[in-house]
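Engineer: predicted model follows, preceded by the sequence.
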Amino acid sequence: MPADAADAVFAALSDGTRRSLYATLGERGEATATDLARELPVTRQAVQKHLGTLASAGLVATRRAGREVLYRPTPAPMSDALAWMAEVGAQWDDRLAALERQLQGVRPLEGG
């Protein structure tokens, strides 16, 4: 995953309201900003701004249905971010395992 794409995903998900919106869209599949705002203690305009941030990160897409704009989650950026985290986690697992092997080879001093 390119660094700027990862940065956008993690920045978008750093906000609790955006995480809540993304989770709600994941459950519903699709919703308007008005529908989403009914469940949150923020205005519809604030919800639209949060959805815009999620859209800029590629986490949501829109479609028009008459006068309404429907938002839906797009899983690819999230999958890419999860794959990146798994890769970094595996690297740390390897480093920690190497450190553990090295420490097991060190014997404590006797009579110290």
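Structural biologist: In hand now; what should we look at?
Engineer: what's the single longest helix in this protein?
Structural biologist: Ranked by residue count under DSSP state H, the longest helix found in the chain is helix 75-104.
Engineer: packing partners of that one?
Structural biologist: Secondary-structure packing of helix 75-104 (3 or more C-beta pairs under 8 Å, 6 or more residues apart in numbering; DSSP states H and E): helix 3-12. Any C-beta I mention is one placed from the backbone N, CA and C, and that applies to glycine too.
Engineer: against which helices or strands is the helix it packs on packed?
Structural biologist: Helices and strands touching helix 3-12, by 3+ C-beta pairs under 8 Å, 6+ apart, are helix 44-56, helix 75-104.
Engineer: just the buried positions in that helix, please.
Structural biologist: By neighbour count on 16 or more other C-beta atoms under 10 Å, the buried set for helix 3-12 is 5-6, 8-9, 12.
Engineer: show the pLDDT at the residue nearest to the spatial centre of the chain.
Structural biologist: Closest to where the C-alpha atoms of the chain average out (C-alpha atoms, centre = their mean) is L13, at 4.7 Å. At L13, the pLDDT value in this model is 93.
Engineer: tell me the mean pLDDT for the longest helix of the chain?
Structural biologist: 83.
Engineer: over to stretch 31-45?
Structural biologist: Mean predicted confidence for stretch 31-45 is 94.
Engineer: nearest spatial neighbour of the residue nearest to the centre of the chain, skipping sequence neighbours?
Structural biologist: Spatial nearest neighbour of L13, excluding adjacent residues (C-beta to C-beta, 6 or more residues apart in numbering): R19 at 5.6 Å.
Engineer: can you tell me the element that neighbour falls in?
Structural biologist: Using DSSP states H and E, R19 maps to helix 16-28.
Engineer: thank you, goodbye.
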